[in-house]
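Q: sequence-free structure coming up:
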(Lines give C-alpha, C1' and ligand atoms only; values in the text may rest on other atoms or scores of the structure.)
Protein backbone atom coordinates (compact mmCIF):
# COMPACT_ATOMS: atom_id res chain seq x y z
CA UNK A 1 0.00 0.00 0.00
CA UNK A 2 1.18 3.53 -0.78
CA UNK A 3 0.20 6.73 1.01
CA UNK A 4 0.80 9.95 -0.91
CA UNK A 5 1.79 13.11 0.96
CA UNK A 6 2.45 15.92 -1.48
CA UNK A 7 5.38 14.77 -3.61
CA UNK A 8 6.19 11.94 -1.19
CA UNK A 9 5.04 8.37 -1.57
CA UNK A 10 5.06 6.57 1.77
CA UNK A 11 5.92 3.14 0.51
CA UNK A 12 5.70 1.26 2.76
CA UNK A 13 3.35 3.04 5.23
CA UNK A 14 5.56 2.21 8.22
CA UNK A 15 6.68 5.37 10.03
CA UNK A 16 9.28 6.10 12.69
CA UNK A 17 7.62 7.78 15.67
CA UNK A 18 8.93 11.06 17.07
CA UNK A 19 10.62 10.34 20.41
CA UNK A 20 12.09 13.05 22.62
CA UNK A 21 15.82 12.64 23.05
CA UNK A 22 15.91 9.71 20.62
CA UNK A 23 14.85 10.49 17.04
CA UNK A 24 17.64 12.94 16.33
CA UNK A 25 19.25 13.14 12.90
CA UNK A 26 21.78 10.29 13.46
CA UNK A 27 19.06 7.87 14.60
CA UNK A 28 16.68 8.86 11.81
CA UNK A 29 19.45 8.24 9.29
CA UNK A 30 20.22 4.74 10.51
CA UNK A 31 16.52 3.79 10.50
CA UNK A 32 15.99 5.29 7.03
CA UNK A 33 18.97 3.33 5.73
CA UNK A 34 17.12 0.05 6.34
CA UNK A 35 13.85 1.40 4.97
CA UNK A 36 10.99 3.48 6.35
CA UNK A 37 8.07 5.21 4.72
CA UNK A 38 8.71 8.35 6.78
CA UNK A 39 10.90 9.37 9.71
CA UNK A 40 9.76 12.04 12.15
CA UNK A 41 11.94 14.37 14.19
CA UNK A 42 11.79 14.87 17.92
CA UNK A 43 9.05 17.25 18.97
CA UNK A 44 10.26 20.84 18.84
CA UNK A 45 8.63 23.84 20.49
CA UNK A 46 7.52 26.32 17.84
CA UNK A 47 8.44 29.45 19.78
CA UNK A 48 11.85 28.06 20.75
CA UNK A 49 12.65 27.40 17.10
CA UNK A 50 11.92 30.99 16.16
CA UNK A 51 13.78 32.41 19.16
CA UNK A 52 16.85 30.50 17.96
CA UNK A 53 17.15 28.14 20.88
CA UNK A 54 20.13 25.93 19.89
CA UNK A 55 18.67 22.67 21.22
CA UNK A 56 15.36 23.21 19.42
CA UNK A 57 17.22 23.86 16.16
CA UNK A 58 19.31 20.72 16.67
CA UNK A 59 16.20 18.63 17.24
CA UNK A 60 14.74 19.84 13.96
CA UNK A 61 18.03 19.52 12.04
CA UNK A 62 17.30 17.82 8.75
CA UNK A 63 20.71 17.43 7.19
CA UNK A 64 21.29 17.63 3.46
CA UNK A 65 19.66 15.41 0.88
CA UNK A 66 17.65 13.52 3.47
CA UNK A 67 14.86 11.28 2.28
CA UNK A 68 11.30 11.42 3.62
CA UNK A 69 11.56 13.59 6.71
CA UNK A 70 8.83 15.13 8.84
CA UNK A 71 9.37 17.71 11.58
CA UNK A 72 6.98 17.66 14.53
CA UNK A 73 5.95 21.00 16.04
CA UNK A 74 4.35 21.68 19.40
CA UNK A 75 2.79 24.88 20.68
CA UNK A 76 -0.47 26.64 21.46
CA UNK A 77 0.02 29.99 19.73
CA UNK A 78 -1.17 30.01 16.10
CA UNK A 79 1.29 32.80 15.21
CA UNK A 80 4.39 30.98 16.46
CA UNK A 81 3.22 27.65 15.02
CA UNK A 82 2.79 29.24 11.59
CA UNK A 83 6.13 31.06 11.74
CA UNK A 84 8.00 27.93 12.83
CA UNK A 85 6.34 25.90 10.08
CA UNK A 86 7.43 28.44 7.46
CA UNK A 87 10.98 28.38 8.78
CA UNK A 88 11.19 24.59 8.78
CA UNK A 89 9.75 24.33 5.30
CA UNK A 90 12.43 26.76 4.09
CA UNK A 91 15.06 24.56 5.74
CA UNK A 92 13.89 21.51 3.81
CA UNK A 93 11.17 19.82 5.87
CA UNK A 94 9.06 17.69 3.54
CA UNK A 95 6.19 17.34 6.03
CA UNK A 96 5.09 19.34 9.10
CA UNK A 97 3.49 17.29 11.86
CA UNK A 98 1.45 18.95 14.63
CA UNK A 99 1.80 17.39 18.06
CA UNK A 100 -1.44 17.02 19.98
CA UNK A 101 -0.49 13.73 21.58
CA UNK A 102 2.44 14.25 23.95
CA UNK A 103 1.28 13.43 27.51
CA UNK A 104 4.31 14.79 29.40
CA UNK A 105 3.42 17.12 32.26
CA UNK A 106 6.04 19.67 31.22
CA UNK A 107 4.23 19.89 27.86
CA UNK A 108 0.61 19.76 28.99
CA UNK A 109 0.90 21.92 32.12
CA UNK A 110 -0.13 25.57 31.97
CA UNK A 111 2.49 28.33 31.82
CA UNK A 112 5.39 29.10 29.51
CA UNK A 113 5.15 27.06 26.33
CA UNK A 114 2.92 24.55 28.11
CA UNK A 115 -0.74 23.57 27.80
CA UNK A 116 0.02 22.07 24.43
CA UNK A 117 0.55 18.50 23.22
CA UNK A 118 -2.39 16.35 24.27
CA UNK A 119 -3.75 19.21 26.44
CA UNK A 120 -5.05 20.72 23.21
CA UNK A 121 -7.56 17.89 22.96
CA UNK A 122 -9.39 19.69 25.79
CA UNK A 123 -9.57 22.82 23.63
CA UNK A 124 -10.79 21.69 20.19
CA UNK A 125 -11.53 25.24 19.03
CA UNK A 126 -7.95 26.34 19.72
CA UNK A 127 -6.65 23.11 18.23
CA UNK A 128 -8.47 23.91 15.00
CA UNK A 129 -7.03 27.45 14.91
CA UNK A 130 -3.51 26.03 15.26
CA UNK A 131 -4.12 23.55 12.47
CA UNK A 132 -5.54 26.22 10.17
CA UNK A 133 -2.59 28.52 10.88
CA UNK A 134 0.00 25.86 10.03
CA UNK A 135 -1.81 24.61 6.94
CA UNK A 136 -2.17 28.18 5.70
CA UNK A 137 1.51 28.95 6.29
CA UNK A 138 3.16 26.19 4.23
CA UNK A 139 2.88 24.42 0.92
CA UNK A 140 4.18 21.06 2.19
CA UNK A 141 1.71 18.53 3.64
CA UNK A 142 0.62 18.97 7.24
CA UNK A 143 -0.14 15.95 9.41
CA UNK A 144 -1.51 15.58 12.94
CA UNK A 145 -0.71 13.24 15.83
CA UNK A 146 -3.16 12.86 18.72
CA UNK A 147 -4.34 10.40 21.32
CA UNK A 148 -7.84 8.99 21.75
CA UNK A 149 -8.72 11.90 24.02
CA UNK A 150 -7.70 13.55 27.28
CA UNK A 151 -9.35 10.85 29.41
CA UNK A 152 -11.96 8.12 29.15
CA UNK A 153 -14.74 10.70 29.48
CA UNK A 154 -13.58 12.77 26.51
CA UNK A 155 -12.71 10.41 23.66
CA UNK A 156 -12.96 13.15 21.04
CA UNK A 157 -10.27 12.01 18.59
CA UNK A 158 -12.84 11.31 15.82
CA UNK A 159 -14.28 14.83 16.05
CA UNK A 160 -10.84 16.48 16.12
CA UNK A 161 -9.72 14.32 13.20
CA UNK A 162 -12.75 15.30 11.14
CA UNK A 163 -12.15 19.01 11.82
CA UNK A 164 -8.47 18.60 10.99
CA UNK A 165 -9.31 16.97 7.68
CA UNK A 166 -11.62 19.85 6.87
CA UNK A 167 -8.80 22.30 7.62
CA UNK A 168 -6.44 20.58 5.19
CA UNK A 169 -4.53 18.00 7.25
CA UNK A 170 -3.43 15.15 4.98
CA UNK A 171 -2.79 12.31 7.45
CA UNK A 172 -3.58 11.60 11.10
CA UNK A 173 -1.72 9.35 13.54
CA UNK A 174 -3.57 8.13 16.62
CA UNK A 175 -1.88 6.73 19.71
CA UNK A 176 -4.33 4.22 21.15
CA UNK A 177 -4.35 5.64 24.67
CA UNK A 178 -5.77 8.71 26.38
CA UNK A 179 -3.47 11.34 27.80
CA UNK A 180 -4.34 10.34 31.34
CA UNK A 181 -3.17 6.79 30.64
CA UNK A 182 0.28 8.12 29.72
CA UNK A 183 1.97 4.85 28.66
CA UNK A 184 0.25 2.58 31.16
CA UNK A 185 -1.96 -0.36 30.31
CA UNK A 186 -2.23 -1.37 26.68
CA UNK A 187 -3.02 0.61 23.56
CA UNK A 188 -6.62 0.25 22.37
CA UNK A 189 -6.10 -0.30 18.65
CA UNK A 190 -9.78 -1.07 18.11
CA UNK A 191 -10.71 2.42 19.31
CA UNK A 192 -8.65 3.88 16.48
CA UNK A 193 -11.22 2.41 14.09
CA UNK A 194 -13.67 5.17 15.10
CA UNK A 195 -11.20 7.75 13.81
CA UNK A 196 -10.71 5.79 10.61
CA UNK A 197 -14.48 5.79 10.08
CA UNK A 198 -14.73 9.55 10.69
CA UNK A 199 -12.30 10.68 7.96
CA UNK A 200 -11.30 9.89 4.40
CA UNK A 201 -7.60 10.77 4.75
CA UNK A 202 -5.07 8.09 5.82
CA UNK A 203 -4.96 7.08 9.47
CA UNK A 204 -1.86 5.64 11.12
CA UNK A 205 -2.04 3.43 14.23
CA UNK A 206 0.46 4.02 17.04
CA UNK A 207 1.09 2.63 20.50
CA UNK A 208 2.63 -0.70 21.57
CA UNK A 209 3.58 -1.58 18.00
CA UNK A 210 7.00 -3.13 18.48
CA UNK A 211 7.28 -5.97 15.97
CA UNK A 212 5.60 -7.75 13.05
CA UNK A 213 2.96 -9.46 15.19
CA UNK A 214 1.80 -6.31 16.97
CA UNK A 215 1.83 -4.33 13.73
CA UNK A 216 -0.36 -6.91 12.03
CA UNK A 217 -2.80 -7.01 14.95
CA UNK A 218 -2.97 -3.21 15.20
CA UNK A 219 -3.86 -2.92 11.52
CA UNK A 220 -6.49 -5.65 11.78
CA UNK A 221 -8.24 -4.10 14.79
CA UNK A 222 -7.99 -0.45 13.74
CA UNK A 223 -8.39 -0.68 9.98
CA UNK A 224 -5.54 1.84 9.82
CA UNK A 225 -3.66 2.52 6.62
CA UNK A 226 -0.27 2.06 8.25
CA UNK A 227 1.62 1.93 11.53
CA UNK A 228 4.00 4.12 13.49
CA UNK A 229 6.79 2.42 15.44
CA UNK A 230 8.67 3.95 18.37
CA UNK A 231 10.46 1.93 21.02
CA UNK A 232 10.42 -1.19 18.83
CA UNK A 233 13.17 0.46 16.78
CA UNK A 234 15.41 1.15 19.78
CA UNK A 235 18.45 -1.08 19.37
CA UNK A 236 16.90 -2.51 16.21
CA UNK A 237 16.78 0.20 13.52
CA UNK A 238 15.84 -2.47 10.96
CA UNK A 239 12.53 -3.17 12.78
CA UNK A 240 10.45 -0.90 10.51
CA UNK A 241 11.85 -2.63 7.44
CA UNK A 242 11.00 -6.04 8.93
CA UNK A 243 7.41 -4.94 9.50
CA UNK A 244 7.22 -3.49 5.98
CA UNK A 245 8.50 -6.76 4.54
CA UNK A 246 5.91 -8.93 6.27
CA UNK A 247 2.92 -6.58 5.96
CA UNK A 248 3.59 -4.91 2.62
CA UNK A 249 5.95 -7.27 0.75
CA UNK A 250 8.78 -4.73 0.85
CA UNK A 251 12.31 -6.12 0.45
CA UNK A 252 13.53 -7.96 3.52
CA UNK A 253 16.25 -6.09 5.41
CA UNK A 254 19.65 -7.63 5.91
CA UNK A 255 19.91 -7.68 9.70
CA UNK A 256 23.56 -7.28 10.67
CA UNK A 257 25.20 -9.76 13.01
CA UNK A 258 28.61 -10.19 14.53
CA UNK A 259 31.21 -7.72 13.32
CA UNK A 260 28.73 -6.23 10.83
CA UNK A 261 26.52 -5.26 13.76
CA UNK A 262 29.52 -3.87 15.64
CA UNK A 263 30.41 -1.68 12.66
CA UNK A 264 26.82 -0.44 12.34
CA UNK A 265 26.75 0.54 16.01
CA UNK A 266 30.14 2.22 15.74
CA UNK A 267 29.04 4.20 12.68
CA UNK A 268 25.90 5.36 14.52
CA UNK A 269 28.06 6.19 17.56
CA UNK A 270 30.46 8.28 15.48
CA UNK A 271 27.57 10.19 13.89
CA UNK A 272 26.19 11.01 17.33
CA UNK A 273 29.59 12.35 18.43
CA UNK A 274 29.88 14.41 15.26
CA UNK A 275 26.35 15.80 15.63
CA UNK A 276 26.53 16.79 19.31
CA UNK A 277 30.29 17.14 19.86
CA UNK A 278 32.43 14.70 21.83
CA UNK A 279 31.45 15.71 25.37
CA UNK A 280 27.67 15.73 24.99
CA UNK A 281 27.74 13.08 22.26
CA UNK A 282 29.33 10.42 24.48
CA UNK A 283 26.53 10.91 27.02
CA UNK A 284 23.74 11.00 24.44
CA UNK A 285 25.04 7.87 22.71
CA UNK A 286 24.96 5.73 25.86
CA UNK A 287 21.23 5.09 25.70
CA UNK A 288 21.53 3.88 22.11
CA UNK A 289 24.50 1.67 22.97
CA UNK A 290 22.50 0.18 25.84
CA UNK A 291 19.56 -0.60 23.56
CA UNK A 292 21.79 -2.24 20.96
CA UNK A 293 23.47 -4.41 23.58
CA UNK A 294 20.16 -5.34 25.21
CA UNK A 295 18.49 -6.22 21.90
CA UNK A 296 21.44 -8.41 20.93
CA UNK A 297 21.69 -10.01 24.35
CA UNK A 298 25.31 -8.88 24.45
CA UNK A 299 26.26 -8.49 28.11
CA UNK A 300 30.00 -8.81 27.61
CA UNK A 301 31.72 -5.49 28.34
CA UNK A 302 28.32 -3.80 28.77
CA UNK A 303 29.22 -1.85 31.90
CA UNK A 304 32.60 -0.82 30.50
CA UNK A 305 31.03 0.35 27.23
CA UNK A 306 28.36 2.41 28.97
CA UNK A 307 30.78 4.10 31.35
CA UNK A 308 33.76 4.69 29.04
CA UNK A 309 34.67 8.32 28.45
CA UNK A 310 36.94 7.75 25.44
CA UNK A 311 35.38 7.02 22.06
CA UNK A 312 38.30 4.80 21.02
CA UNK A 313 37.67 2.61 24.08
CA UNK A 314 33.98 2.27 23.25
CA UNK A 315 34.74 1.27 19.68
CA UNK A 316 37.36 -1.29 20.71
CA UNK A 317 35.03 -2.88 23.25
CA UNK A 318 32.16 -3.03 20.74
CA UNK A 319 34.33 -4.87 18.22
CA UNK A 320 35.39 -7.27 20.95
CA UNK A 321 31.79 -7.82 22.06
CA UNK A 322 30.33 -8.93 18.77
CA UNK A 323 31.79 -12.06 17.22
CA UNK A 324 30.87 -13.32 13.76
CA UNK A 325 28.53 -16.35 13.91
CA UNK A 326 30.99 -18.40 11.83
CA UNK A 327 33.75 -17.73 14.35
CA UNK A 328 31.55 -18.82 17.24
CA UNK A 329 30.61 -22.02 15.42
CA UNK A 330 34.28 -22.80 14.82
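A: Looks like it arrived, so ask away. This is a predicted model, so every value here is computed, not measured.
Q: CA atoms for contacts and neighbours, from now on please.
A: Fine.
Q: and the strands in the stretch 101-250 of the chain?
A: Under the criterion DSSP state E, counting those that start in this stretch, the stretch 101-250 of the chain contains strands at 142-147, 171-175, 203-206, 226-229.
Q: tell me which of those strands sits nearest to residue 30.
A: strand 226-229 (14.5 Å; CA to CA).
Q: which other residues reach the closest one?
A: For strand 226-229, contacts defined as CA atoms under 8 Å, 6 or more residues apart in numbering pick out 13-17, 173, 203-207, 209-210, 215, 218-219, 240.
Q: partner strands of it, parallel or antiparallel?
A: strand 14-16 (parallel), strand 203-206 (parallel) (DSSP bridges).
Q: what comes up buried for the first one?
A: Neighbour-count burial for strand 14-16, counted by 16 or more other CA atoms under 10 Å, picks out 14, 15, 16.
Q: lowest average confidence, helix or strand, in the chain?
A: Lowest on mean pLDDT, DSSP states H and E among the helices and strands of the chain sits helix 325-329, with a mean of 54.
Q: before we move on, the earlier item: switch the buried residues of strand 14-16 over to TSV; also include pLDDT and distance to residue 109.
A: Shown next, in TSV, are the buried residues of strand 14-16 (pLDDT from 0 to 100; distance: CA to CA, whole Å):
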residue	pLDDT	distance to residue 109
14	96	31
15	95	28
16	95	26
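Q: output those as CSV; include the columns distance to residue 38.
A: Output for those, formatted as CSV (distance: CA to CA, whole Å):
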residue, distance to residue 38
14, 7
15, 5
16, 6
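Q: of the residues you listed, closest to residue 141?
A: residue 15 (15.4 Å).
Q: quick check: beta-bridge partners of the closest one?
A: Residues in beta-bridge contact with residue 15 (DSSP bridges): residue 38, residue 228.
Q: check contacts around it.
A: 36, 37, 38, 39, 40, 226, 227, 228, 229, 240.
Q: among the residues you listed, which pair sits farthest apart?
A: Among these, 40 and 226 lie farthest apart (CA to CA), at 14.7 Å.
Q: quick one: contacts for residue 275?
A: 26, 281.
Q: and the pLDDT for it?
A: At residue 275, the model reports a pLDDT of 89.
Q: and it, what element?
A: Here residue 275, judged by DSSP states H and E, is contained in helix 258-276.
Q: again, but for residue 96
A: strand 95-100.
Q: quick one: low-confidence residue ranges for the protein.
A: Applying pLDDT under 70 to the chain flags residues 52-68, 111-114, 324-330.
Q: show me it divided up by domain.
A: Per automatic domain parsing, the structural domains of the chain span 3-248, 258-329.
Q: measure the first one end to end?
A: Its first and final residues considered, domain 3-248 spans 12 Å by CA to CA, to the nearest Å.
Q: how about TSV for the contacts of residue 15, with neighbour count and distance to residue 109 added?
A: Formatted as TSV, these follow (neighbours: other CA atoms under 10 Å; distance: CA to CA, whole Å):
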residue	neighbour count	distance to residue 109
36	26	33
37	25	33
38	25	30
39	27	28
40	24	24
226	29	31
227	28	29
228	27	26
229	24	26
240	31	33
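Q: next, format those residues as a markdown table and append distance to residue 104.
A: Formatted as a markdown table, the contacts of residue 15 follow (distance: CA to CA, whole Å):
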| residue | distance to residue 104 |
| --- | --- |
| 36 | 27 |
| 37 | 27 |
| 38 | 24 |
| 39 | 21 |
| 40 | 18 |
| 226 | 25 |
| 227 | 22 |
| 228 | 19 |
| 229 | 19 |
| 240 | 25 |
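Q: kindly indicate which of those residues lies nearest residue 120.
A: residue 40 (20.4 Å).
Q: where does the closest residue in space to that closest one that isn't next to it in sequence land in three-state SS?
A: Nearest residue to residue 40 in three dimensions, chain neighbours excluded: residue 70, at 4.6 Å (CA to CA, 6 or more residues apart in numbering). Following DSSP: H, G, I helix; E, B strand; the rest coil, residue 70 is assigned to strand.
Q: repeat that for residue 288.
A: With three-state DSSP as the basis, residue 288 sits in helix.
Q: quick check: it touching residue 235?
A: Yes - Residue 288 is within contact range of residue 235, at 6.5 Å (criterion: CA atoms under 8 Å).
Q: and the closest residue to residue 78 other than its chain neighbours, what does it touch?
A: Distances taken as CA to CA, 6+ apart put residue 130 closest to residue 78, at 4.7 Å, once the chain neighbours are dropped. Shown in contact with residue 130 (CA under 8 Å, 6+ apart): 76, 77, 78, 81, 82.
Q: let's have the residues you listed in TSV, adding distance to residue 168, secondary structure and neighbour count.
A: Below are the contacts of residue 130 laid out as TSV (distance: CA to CA, whole Å; DSSP: H, G, I helix; E, B strand; the rest coil; neighbours: other CA atoms under 10 Å):
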residue	distance to residue 168	secondary structure	neighbour count
76	18	coil	22
77	18	coil	17
78	15	helix	19
81	15	helix	26
82	14	helix	22
